Every structure is written in C-alpha cells, then in structure tokens.
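J.: For reference, the sequence and a predicted model appear below.
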Amino acid sequence: MTVNVETLDKLERKITLTLPVGTIQSEVDSRLKKLARTVKMDGFRPGKVPMTVVAQRYGYSVHYEVMNDKVGEAFSQAANEAKLRVAGQPRITEKEEAPEGQLAFDAVFEVFPDVKINDLSNAEVEKLSAEVGDDAIDKTLDILRKQRRTFAQRAQDAVVQDGDRVTVDFEGKIDGEAFQGGKADDFQFIVGEGQMLKEFEDAVRGLKAGDSRTFPLSFPADYHGKDVAGKQADFMVTVKKIEASHLPEVNEQLAKSLGIAEATVEGLRADIKRNLEREVKFRLLARNKNAVMDALIANAELDLPKSSVQAEVDRMVEGARAELKQRGIKDADKAPIPDDVFRPQAERRVRLGLVVAELVRANGLQAKPEQIKAHIDELAASYEKPADVVRWYFGDNRRLAEVEAVVIENNVTDFVLGKAKVNNKSVSFDELMAQQG
C-alpha cells in the first residue's frame, strides 16, 4: 500500500484514508447478527428478536463503533507503512468527495520530532559533593533526644526560660475586636523553638506561673492566617504552668530505646551516620540529576509536539484538581484552572522526556535488571524489614516501572557527567539539606 503523507507544519502531517463501503456494511451486519443472539427485548424470547428490529434499535451505535474501529485500523496501518512515529491522537474528518463505493477520511496528526543533541563535551555541569561530619551526627542526636524529652513542673517561684514547656491562656484583639484563632485556654508550647511568633515568646519569658502580660504583636505579611496577615494585634497572656524539659543522656539506654542493634553510643552514632549518608546520597543524586537535565535541555535542538504538551498540561490540571479535592475543596473537579499556569512546566517535561529517550536509545542506557534490584535494595535498607519492602516493589509492575525510570535517569546522569565539563563543588551538610529538590 502506497501512503501519501502531506506535511502541513513542522510536525503536523495529513494522510487521506479510504475504506470500502462494503467492508463497513459487512462488519456492521456481522456484529448485529452476533448481538441478536443475546439481546433481550420486551415481547421477544432471547435470541428470537428479528434482525430488522435489532438493526432499528442498535444499527446507528454499531455502525459508529465499526467506523471508529476500521478508520483506527486503517490509520494505524498507514502510519506503520509510512514509518511514522505518531504523537498524540489524530483528528479524523470524513471527506465529502470519495471514489465510487468508498469512504474517504482526512487524518491530521503530529509526529515526534528528530532530536539533535549537540556535543556534550562542550556542556558545563556543576556537580555537588558533601560529607557527613560529626556536627551533623550531633545535631541529629539532639533532635532524637528532643523527641524523647520529658517534662517536670518547675517550682512556683520559677520563671519561664528557653526550653520550658508552658501552658497559657491568651486572647488577642485587633482594633479592640476579637478575631478567629485569637483566643485559647490551656495552650501549650515550648519556648525558644519558634513554635510561636517572636513577640509571643518574648512576652512569656521571665514570667512566673500566675503572671499575666499584655503586649503588641505584628503578624507578618505572609502569615498563614490571611485575615490577620500584616495586621497588629494586642494580646494578653497568662502563664498557668511551667515545666522544665529533661533530655535523655546519650548512653546505651538511649541507643536501646531507638532499636539500635549494637546498643552502644558508638553503635548509635554509626547508625545515624549510615542513615545520613544514605539521605545525602539521594539528595546529591537529585541535585546533580537536575543540573544534568538542565545541561541536556540547553544542548538539544527539537520541535515540541503541541499534542504531547497539551496532554501533559491536561494531566497536570487534573492532578491539581485531585489535590484540591483531597484538601476538601468543594467542586474541585470544576475549579477553573487556566492551562497557562502549567504550560512552561509541561513544555519542559515533554522536551526533557524526548531528549532523554533519544540519549537512552542512542547510547544503550536502558535499565538493567541488576540495576533495578540494587536500587530497590538500597531503598529498602532504611526500613525495619527490608525483605518486605523488596517484595512490595517487585509485587507491582507500576512500582517497578517507577524504579526503572529512576535508574534510567541515573544512567543518563552518569553518562552526561562522563562527557561534560564538570565543575566540582563541595557544600556543607546543612547547605545540602536546605536546598530544595
């Protein structure tokens, strides 16, 4: 079969499809006969409904199904014959004029672009590295100790100081009027840990149980409570109870309470270090992977299929609506979300997907089974029962596909770092943890 492909735009193509009317009618008759054997209609026994009645009731819908199927098959066959890589779904319209005994259709569609990746040896990538030092282990130990701290009531004449847990009553007013969330009884917080705004913490420091204080408080412009953001309130706070915190000692007992196999201080620190190193490794992978992907996009030339971008936009809009629904937003599925909000991100995703696919194809960077297994083992290592986690991943093809995608991205990252001009940069543990993504 000779397929005539017309180029309409950079990636847009058109094919004219023809189908014999007899082929369509023959398939319609065949399906109606099959339907007649099982269809149930009032006044007739099953399998005894006359064909004329079946055709009258179901003829249009069966004809529509057959047309869709046959046109789809014809398009697929023509695209394969012309060796076209079709992006998205074709727009198919019936032509008014057609040869005798034929139906003719125009199929307009996009094809995937040719991707040109320029010489990666000219690309520059900043590659981060970081070490887990004693400071990071000490900070993590402090967090673990705070999670297990106990509290004991202070003496009656003791004053509030940092680290104390205080129980207070408070009431705030703006321009003399109470506001939602501005009043509470028996409210607890720990002083000096940023759980409350600075003016509030400053107001309770130095007070004894039973003392009260009035003070002004300015809500930040970006405060989560939009009704009070950027406004000033007058508060009165009364301290009802003061409790001193007690942190557990770093000893074998703490190690044992944390479930450390080697219940010693050295074993505890070694376990923390292993977990932090695992976290650092994944953070560095993510950060360096992003830098590589940016370099790939900058060094690639391609046209974007509009249909692929729109499909990605639609997915992102649906994802946003699903998130709104999860938050309990009413009529979230009808929320007006403009496409333009997501278009730049959708374009980047589609561009990156096409570039990565080409790099993988051209350089054999597909994920090997042993790489997938090793990655899953590493993910499972931080859990109490790693074998159960491994089984969980291997028990679902969708989860395996997600891991495979990550491994492919890692392969691409290693490949590009092996070709590009790499600027190595060492950052502190804190800097790395503070970075987004």
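T.: Happy to help now that I have it.
J.: Can you name the residues bridging to residue 235?
T.: Residue 235 has the following beta-bridge partners by DSSP bridges: residue 172, residue 215.
J.: What's the local residue count around residue 309?
T.: Using other CB atoms under 10 Å, the number of residues around residue 309 comes to 21. To be clear about C-beta, it is placed using only N, CA and C from the backbone, and glycine gets the same treatment.
J.: State the pLDDT value of it.
T.: At residue 309, the model reports a pLDDT of 93.
J.: The helix or strand hosting it: how far from the chain's middle?
T.: Assigned by DSSP states H and E, residue 309 belongs to helix 306-326. A distance of 12 Å separates the centroid of the chain from that of helix 306-326, by CA atoms, centre = their mean, to the nearest Å.
J.: just how off-centre is the next helix or strand along the chain from it within its chain?
T.: Stepping forward along the backbone from helix 306-326, the first helix or strand reached (DSSP H and E) is helix 343-363. How far helix 343-363 lies from its chain's middle: 17 Å, per CA atoms, centre = their mean.
J.: in helix 343-363, what's buried?
T.: Going by neighbour count (16 or more other CB atoms under 10 Å), the buried part of helix 343-363 is 346-352, 354-356, 358-360.
J.: Show me what secondary structure element comes after that helix.
T.: helix 369-380.
J.: Could you check how far the closest residue to residue 354 other than its chain neighbours is from residue 303?
T.: Take residue 354 and drop its neighbours on the chain: the residue closest to it by CB to CB, 6 or more residues apart in numbering is residue 115, 5.6 Å away. For residue 115, the distance to residue 303 equals 10 Å [CB to CB, to the nearest Å].
J.: Could you do residue 284 as well?
T.: With CB to CB as the criterion, residue 284 and residue 303 are 34 Å apart.
J.: still on that earlier bit, for the buried residues of helix 343-363, which one is nearest residue 398?
T.: Minimum distance to residue 398 across those is 19.0 Å, recorded for residue 349 (CB to CB).
J.: which ones are touching that closest one?
T.: residue 312 (CB atoms under 8 Å, 6 or more residues apart in numbering).
J.: change it to 10 Å
T.: Applying CB atoms under 10 Å, 6 or more residues apart in numbering to residue 349 gives the contacts 308-309, 312-313, 315-316, 342.
J.: I'd guessed the residue nearest to residue 354 sits against residue 358; true?
T.: Yes: with contacts counted by CB atoms under 10 Å, residue 115 reaches residue 358, the gap being 4.0 Å.
J.: which neighbours do the two share?
T.: Shared contacts of residue 115 and residue 358, defined by CB under 10 Å, 6+ apart, comprise 300, 302.
J.: any idea how far the most centrally placed residue in the chain lies from residue 327?
T.: Residue closest to the mean C-alpha point of the chain, counted by CA atoms, centre = their mean, is residue 319 at 9.1 Å. Residue 319 sits 13 Å away from residue 327, going by CB to CB.
J.: again with residue 282
T.: Distance, residue 282 to residue 327, using CB to CB: 28 Å.
J.: that older thread, kindly give a single PyMOL line that selects the buried subset of the contacts of residue 349.
T.: Here is the PyMOL command that picks out the buried ones among the contacts of residue 349, judged by 16+ other CB under 10 Å:
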select buried, resi 308+309+312+313+316+342
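J.: Distance to residue 8 added to the contacts of residue 349, as JSON lines?
T.: Formatted as JSON lines, these follow (distance: CB to CB, whole Å):
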{"residue": "308", "distance to residue 8": "17"}
{"residue": "309", "distance to residue 8": "18"}
{"residue": "312", "distance to residue 8": "22"}
{"residue": "313", "distance to residue 8": "22"}
{"residue": "315", "distance to residue 8": "26"}
{"residue": "316", "distance to residue 8": "27"}
{"residue": "342", "distance to residue 8": "26"}
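J.: hmm, back to that, neighbour-wise, which of residue 282 and residue 327 wins?
T.: The neighbour comparison of residue 282 against residue 327 (other CB under 10 Å) goes to residue 282, with 13 against 8.
J.: Kindly indicate whether the more buried one is helix, strand or coil.
T.: With DSSP: H, G, I helix; E, B strand; the rest coil as the basis, residue 282 sits in helix.
J.: Isn't it up against residue 378?
T.: Yes: using CB under 10 Å, residue 282 is in contact with residue 378, at 8.8 Å.
J.: any low-confidence regions in the chain?
T.: Low-confidence segments of the chain (pLDDT under 70): 1-2, 436-437.
J.: Many thanks, I have nothing further to ask.
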